[in-house]
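Visitor: Sequence first, predicted coordinates after that:
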Amino acid sequence: MAPLNDEQLHLIRDERREQILLAALRVFAARGIVGTKMSMIASEAGISHGLLYHYFKSKDELFTTLVEGAMAAADDEMRRVADLPGSPIEKIKGLTQAILDESGSPFFMLIHQARISDGVPEKVNQLLEDYSMKTFVEQLLPIFLEGQKTGEIAADNPEELIASYLTVLTSLMVVNTHGDEGYLIPSVDILLRMVACPK
């Protein structure tokens, strides 16, 4: 068997790193930073404890890497809303569908854990400030204002309307991730009634 070349080794390292990040995401989302041990992540990833430290020096570094990625993805998603086709309410509908997509649930839980947990690294606290609710409200404000002008969006205070909408969506994702019985995730159309102008 021929030895692996540099490109093959790099690909294996990238795949292993991705495997670790996905395992860490699941563990951190469920247990938070305080309740997580590196050994739990190694076990979830199906690798040795020592190999995990080859990729990430500490639990804080791993947690911070995941939160950075989650916050950047959320920021990108908000910025792309303006480029979606359709009217303002159709753009908000597209955003709502993207947020409620089950593949994003662990990321919402990770961010939720970062906001509520003790012992969060300082860099994560800075990220939470940089990507605060205010930031997301400001990104969505032009769409909501346009929708109010066209009569699609309720004429309430737009900042308050956006913050309420995002709070409800985030809360639904947290409940959905925990799998609490009895809670029903409403349809996108029902959720949009919260911001749509009554007909």
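Guide: In hand now; what should we look at?

Visitor: The residue nearest to Ala70 when sequence neighbours are not counted: what's it in contact with?
Guide: The spatial neighbour of Ala70 that comes closest, neighbours along the chain excluded (CB to CB, 6 or more residues apart in numbering), is Phe107 at 4.4 Å. Just so you know, the C-beta spots here come from the backbone N, C-alpha and C atoms, and that holds for glycine as well. The contact partners of Phe107, by CB atoms under 8 Å, 6 or more residues apart in numbering, come to Leu25, Ala29, Ala70, Ala73, Ala74.

Visitor: Can I get those in a markdown table including secondary structure?
Guide: A markdown table is the format used below for these (DSSP: H, G, I helix; E, B strand; the rest coil):
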| residue | secondary structure |
| --- | --- |
| Leu25 | helix |
| Ala29 | helix |
| Ala70 | helix |
| Ala73 | helix |
| Ala74 | helix |
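
Visitor: So which of these is the closest to Val124?
Guide: Nearest to Val124 among the contacts of Phe107 is Ala70, at 10.4 Å by CB to CB.

Visitor: So that closest one sits against Ile111, correct?
Guide: Yes: distance between Ala70 and Ile111: 5.5 Å, which falls inside the contact criterion (CB atoms under 8 Å).

Visitor: From the chain's centroid, how far away is the helix or strand bottoming out on mean pLDDT in the chain?
Guide: With mean pLDDT, DSSP states H and E as the measure, the helix or strand of the chain carrying the lowest mean pLDDT is helix 6-31 (a mean of 80). Here helix 6-31 shows a centroid-to-chain-centroid distance of 18 Å under the convention CA atoms, centre = their mean, to the nearest Å.

Visitor: buried ones in that helix?
Guide: Along helix 6-31, these residues count as buried under the neighbour rule (16 or more other CB atoms under 10 Å): Arg16, Ile20, Leu21, Ala23, Ala24, Leu25, Arg26, Val27, Phe28, Ala29, Ala30.
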